[in-house]
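A.B. asks: okay, predicted coordinates and the sequence, questions at the end:
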Amino acid sequence: MELGAARIGIVGLGLMGASLAKKLTASGTVRRVTGWDRDGAVRHLARSQGVAEVPEGLEELGSESDVLIFAVPWRFLADADRAVRRGLAKGGQTMWAVMDLCSAKRAPGELLRRSWGGRYVGFHPMAGKERGGIIHATAELFSGAPCAIVSYPDTAPEVSSFAARLAAALGMDPVEASPEDHDAAVAVVSHLPQLLASALALVAGEEARRNPLGARLAGGGFRDTTRVASCPAEGGADLVSANGDHLRRGIGRLIQILEEFLSLPEEALEERLRAAASAREEILAIAAGRSAA
């Protein structure tokens, strides 16, 4: 299917779904963009702002779409999927392609593959903000970001190709990944940083209540390292639910390294800290090269 012929239906109009709808609507990349959210106030705002066409229900959205994109939290995915399939069954319709924006891909992928088979492909834009919701959505959210295209052995090649072309049209760099490799990677570069930021904020908050000087002295280092602690709490909880095994592995290794830091002689510790700085620069250089390519 050509992008220009596609009718895109987006289920969930939070930060990610509404940003996607805004970009597709503004760019005219696809034939039609419809969106729906379980929150009536969000649907009203989407209509009034022209974010997307907003039908009355999920059944109507499904019947008017060729490509369905679930932009709902993992905990709501099964219910949303069932509602869409009920509507399609009434009209004897199917879907040309189905994607999801969940930040883990193994559990959501297995759920959606049972419903859609080879029409499903995982789609994960590595973009976001610490503040969620449609009011923070922007058409430029995805510009310059990588986007994981997560295919399964039975994913139809034309569906994977469509997802990659959609990512490029949104201004992203499509990166092919298996479900296992994807979840292992995002555990340490996305999910673990959010949990670490939250843990640090809790520790600092406890200290500030005991010693108010801590809050008065907090500066850029604290602000920068805890920024993603302000992300919606339900999203963070979903990370643990959907990707807990890789997170446990990452947290276990992190604890080992922190304990190592406390036990090493000064010179050995300096060497490890220099190695940490080099690792960070190497990762950022690869990311910068990806964006420039």
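C.D. replies: That came through fine.

A.B. asks: pLDDT below threshold where in the stretch 1-150 of the chain?
C.D. replies: Low-confidence segments of the stretch 1-150 of the chain (pLDDT under 70): none present.

A.B. asks: quick one: the helices in it, in order.
C.D. replies: Under the criterion DSSP state H, counting those that start in this stretch, the stretch 1-150 of the chain contains helices at 15-27, 40-49, 58-63, 74-91, 106-116.

A.B. asks: relative to the whole chain's centre, how far out is the longest helix anywhere in the chain?
C.D. replies: Criterion DSSP state H: the longest helix present in the chain is helix 233-263. Computed by CA atoms, centre = their mean, to the nearest Å, the chain-centroid distance of helix 233-263 equals 18 Å.

A.B. asks: what helices or strands is it leaning on?
C.D. replies: Secondary-structure packing of helix 233-263 (3 or more CB pairs under 8 Å, 6 or more residues apart in numbering; DSSP states H and E): helix 74-91, helix 106-116, helix 179-186, helix 192-210, helix 266-292. The way it works is simple: take the backbone N, C-alpha and C, and place the C-beta from them, glycine included.

A.B. asks: dump these into CSV; add mean neighbour count and distance to residue 156 as well.
C.D. replies: Output for the helices and strands packed on helix 233-263, formatted as CSV (neighbours: other CB atoms under 10 Å; distance: least, CB to CB, whole Å):
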stretch, mean neighbour count, distance to residue 156
helix 74-91, 16, 18
helix 106-116, 19, 10
helix 179-186, 19, 16
helix 192-210, 15, 33
helix 266-292, 11, 27
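
A.B. asks: next, the angle from the longest helix of the chain to helix 192-210.
C.D. replies: Helix 233-263 and helix 192-210 are oriented at 80 degrees to each other (axes from the mean of the first three to the mean of the last three CA atoms, to 10 degrees).

A.B. asks: hmm, back to that, can you lay out the helices and strands packed on helix 233-263 as JSON lines showing distance to residue 161?
C.D. replies: Below are the helices and strands packed on helix 233-263 laid out as JSON lines (distance: least, CB to CB, whole Å):
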{"stretch": "helix 74-91", "distance to residue 161": "23"}
{"stretch": "helix 106-116", "distance to residue 161": "17"}
{"stretch": "helix 179-186", "distance to residue 161": "18"}
{"stretch": "helix 192-210", "distance to residue 161": "32"}
{"stretch": "helix 266-292", "distance to residue 161": "20"}
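
A.B. asks: figure out which of the helices of the stretch 1-150 of the chain is closest to residue 213.
C.D. replies: Relative to residue 213, the nearest member of the helices of the stretch 1-150 of the chain by CB to CB is helix 15-27, separated by 35.2 Å.

A.B. asks: related to what we said a few turns ago, including distance to residue 165, could the helices of the stretch 1-150 of the chain go into JSON lines?
C.D. replies: As requested, the helices of the stretch 1-150 of the chain are arranged in JSON lines below (distance: least, CB to CB, whole Å):
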{"stretch": "helix 15-27", "distance to residue 165": "13"}
{"stretch": "helix 40-49", "distance to residue 165": "25"}
{"stretch": "helix 58-63", "distance to residue 165": "22"}
{"stretch": "helix 74-91", "distance to residue 165": "23"}
{"stretch": "helix 106-116", "distance to residue 165": "19"}
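
A.B. asks: just to revisit the earlier point, give me the buried positions along the longest helix of the chain.
C.D. replies: 235-236, 238-239, 242-243, 246-247, 250-251 (16 or more other CB atoms under 10 Å).

A.B. asks: and stretch 25-37, by the same measure?
C.D. replies: Neighbour-count burial for stretch 25-37 [16+ other CB under 10 Å]: 25, 29-30, 32-37.
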